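J.: Build me a model:
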Amino acid sequence: MTLSTALKTGDLSALPSRRDEDWRWTDLRGLLKTLPPAAPAHDGEVPAGPFAGLADAETVFVNGRRTVASDVASGVVALRFVALADKTAQGASHALVVKPGESLVLLESHEGRAGASVSDVALDIAVGEGASLERIVLVDDEAEAVNVVTAEVALAPGAKFAQTVLTSGARRQRIETRVRHPGAHAEVRLDGAYLLDAQRHADLTSVVTHGGLDGVTSQLTKGMVTDQARGVFQGRIVVEKGADQTDARMGHHALILSDKAEIDAKPELLIFADDVSCAHGNTIGALDDEVLFYAKQRGIPEADAKAMLTQAFVGEVIERIVHDGARELAAAWVARKLGSEA
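T.: Okay, here's the model as predicted:
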C-alpha cells in the first residue's frame with residue numbers, strides 16, 4: 001500500500017491507513033477522500049532552490065517532471081523536487097549511483113511552493129565499495145501539502161552513508177529511509193531535525209538492516225512541536241543472524257512546547273546476533289523552567305529564550321553535518337524557523 005500506487009491507479013484503497021502498523025500515526029486513507037488531478041507541465045522559470053550556489057551541478061524535477069538533468073555523481077550535486085501547481089498531484093522517481101571510491105555530497109530539497117498539493121518521491125541510492133555519500137535533505141512544504149519521500153539505500157562493503165533530514169512538516173508528511181547495511185566496515189549516520197508549529201505533521205521513519213559482520217550505525221533525531229503540531233519518529237535497526245560485531249546507536253529526543261502538541265515515538269532494536277553493541281534512547285519533555293526563569297531575569301523575553309534554547313537543543317544534529325556550506329545553511333534554516341537571528 002503506497003501513495004505512488006494510488007496516484008498511478010486512482011485507487012484510494014491503495015493508500016496506507018492507521019490499520020497498517022508502520023503508518024498508524026500517518027494515516028493517508030483517512031485524510032485523502034479524493035485525489036487531485038495530475039500536475040501540468042511547467043514552462044516558466046523556476047525559483048532558485050535553498051542550496052543555490054553550493055552545488056557543482058543539479059537535477060530538477062518540477063511538478064513531477066525532470067526539467068534539468070545531470071549525470072554527475074561526485075563532488076557536490078543538488079537534487080530538487082519542486083511543486084508549483086496548486087491542488088494537484090505529482091509523483092517522481094530518481095536513481096543515484098556513487099561509484100566505488102567516489103565521494104558525493106547530495107543537497108536534496110523538496111520545495112512545496114503549491115497550495116494543497118500531493119507529492120510522492122521515490123529514490124533509489126547505491127553507494128559503491130569504499131565510496132561515501134553525505135545526503136542533506138531539506139523539506140519545506142506548504143502547510144496544506146501532503147508529501148511522502150521514500151529512499152531505498154544499498155551500501156557496498158566499506159561504504160559510508162551520512163544523512164541529515166530537516167523539516168518543518170505539512171498537513172501530512174513522511175520522510176522514510178531504508179538502508180541495506182552489509183556490515184563489512186561500512187558506516188551509516190542517520191540524523192534528523194523537525195520543527196513543527198500550527199497543525200503541521202512530520203513523520204521521520206527509518207529502517208537499517210545489518211546483514212553482515214562489522215557494521216556501524218549512528219542515529220540522532222531531535223525535534224520540537226508546538227501549537228497543535230504532531231511529530232512522529234519511527235526508527236528500526238535490525239541486526240540479522242550472523243551480523244556479529246555490529247555497533248548500532250539510536251537516539252530520539254524531542255521538546256513539546258504546547259499542551260495540544262503531540263509526539264509519537266517508536267525506537268526499535270531487533271537483534272538476532274550475539275556479539276553486538278547496540279543501544280537506543282528516547283526522551284520527550286519540555287524546556288527547563290529554571291533556565292527560562294533565569295533568562296527572563298536577564299531581560300530576555302520568554303519567546304526569545306525558548307527560541308534560543310530550542311536552537312541549542314537542535315544544534316547537536318546540525319553540527320554533525322560535514323559539508324561546511326550545508327551546515328551553515330541548516331543552522332540559518334533552524335534560526336529562521338524559530339524566529340531568531342542566524
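J.: what sits up against the helix or strand hosting residue 332?
T.: In this structure, residue 332 sits in helix 324-337 according to DSSP states H and E. The contact list for helix 324-337, computed with C-beta atoms under 8 Å, 6 or more residues apart in numbering, reads 50-51, 54, 105, 107, 134, 136, 138, 164, 166, 168, 193, 195, 311, 314-315, 318-319, 321, 341-342. Backbone N, C-alpha and C define where each C-beta goes, glycine included.
J.: Give me the ChimeraX select line for these, limited to the buried ones.
T.: The buried subset of those, as determined by 16 or more other C-beta atoms under 10 Å, is captured in ChimeraX by this line:
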select :50,51,54,105,107,134,136,138,164,166,168,193,195,311,314,315,318,321
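J.: Show me the contacts of helix 324-337 that map onto helices.
T.: Counting by DSSP state H, the contacts of helix 324-337 place 311, 314-315, 318-319 in helices.
J.: tell me the least confident of these?
T.: The lowest pLDDT within these belongs to residue 311, with 91.
J.: so that one makes contact with residue 339?
T.: No: using C-beta atoms under 8 Å, residue 311 makes no contact with residue 339, being 10.0 Å away.
J.: my read: residue 130 touches residue 98, true?
T.: No: between residue 130 and residue 98 there is no contact, the gap being 10.1 Å when judged by C-beta under 8 Å.
J.: which neighbours do the two share?
T.: With C-beta under 8 Å, 6+ apart as the test, residue 130 and residue 98 both reach residue 159.
J.: circling back: tell me which of the contacts of helix 324-337 fall in strands.
T.: With strands taken from DSSP state E, the overlap with these comprises 105, 107, 134, 136, 138, 164, 166, 193, 195.
J.: excluding its backbone neighbours, what's nearest the third one?
T.: Same thing as residue 134. Excluding its sequence neighbours, the residue lying closest to residue 134 (C-beta to C-beta, 6 or more residues apart in numbering) is residue 162, at 4.5 Å.
J.: Contacts only, for that neighbour.
T.: Residue 162 sits in contact with 132-135, 188-189, 191, 320, 322, where contact means C-beta under 8 Å, 6+ apart.
J.: Perfect, I'm done here.
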